[in-house]
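Visitor: How does the following fold in three dimensions:
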Amino acid sequence: MSALPGIQEEQHPLAGIDQIIHVHARLMVLTNLFVVESADYIFLKNQTGLTWGNLATHLKTLENGGYITIEKGYKGKKPHTMIHLTEHGRAAFRAYKKSMQQVLDDLPD
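Guide: Model (predicted):
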């Protein structure tokens, strides 16, 4: 059943929208990762404005979905964590972007 009267789900570009990406916080994270090779926690925290705990929770969801990889290591003696967008994550983000562009382009001015 469609949320929009008279439109079948398979016809509407939002019907199959990726719900993992569509969450505001995760969309901010992926938008940042899409344009860089990798990023650390501090960069993503500063770019998104998320708290440490909230960022960690959303990164775990993205990691579990195969959208990102998290590489833990050290920079000198300090822990340093890098986040990388996977090929699956990059393809999913491109598909999400295409769907959203279609929805916005179809709206009247």
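
Visitor: Test my guess that Pro81 contacts Glu71.
Guide: If you look again at residue 81, you'll see it is Thr, not Pro. Yes: Thr81 lies in contact with Glu71 (CB atoms under 8 Å); the separation is 6.9 Å. Every C-beta, even on glycine, is put in place using the N, C-alpha and C of the backbone.

Visitor: So the two - more neighbours on which side?
Guide: When Thr81 and Glu71 are compared for neighbours, Thr81 comes out ahead with 17 against 12, by other CB atoms under 10 Å.

Visitor: Any idea what the more buried one is bridged to?
Guide: Thr81 forms beta bridges with Lys72, as assigned by DSSP bridges.

Visitor: got a list of what it touches?
Guide: For Thr81, the set of contacting residues under the criterion of CB atoms under 8 Å, 6 or more residues apart in numbering consists of Asp40, Tyr41, Ile70, Glu71, Lys72, Gly73.

Visitor: what's the answer for Phe34, then?
Guide: Taking CB under 8 Å, 6+ apart as the definition of contact, the neighbours of Phe34 are Leu85, Arg90, Phe93.

Visitor: okay if I get those residues as TSV plus distance to Leu27 and neighbour count?
Guide: Putting these into TSV (distance: CB to CB, whole Å; neighbours: other CB atoms under 10 Å) gives the following:
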residue	distance to Leu27	neighbour count
Leu85	13	24
Arg90	14	14
Phe93	9	19
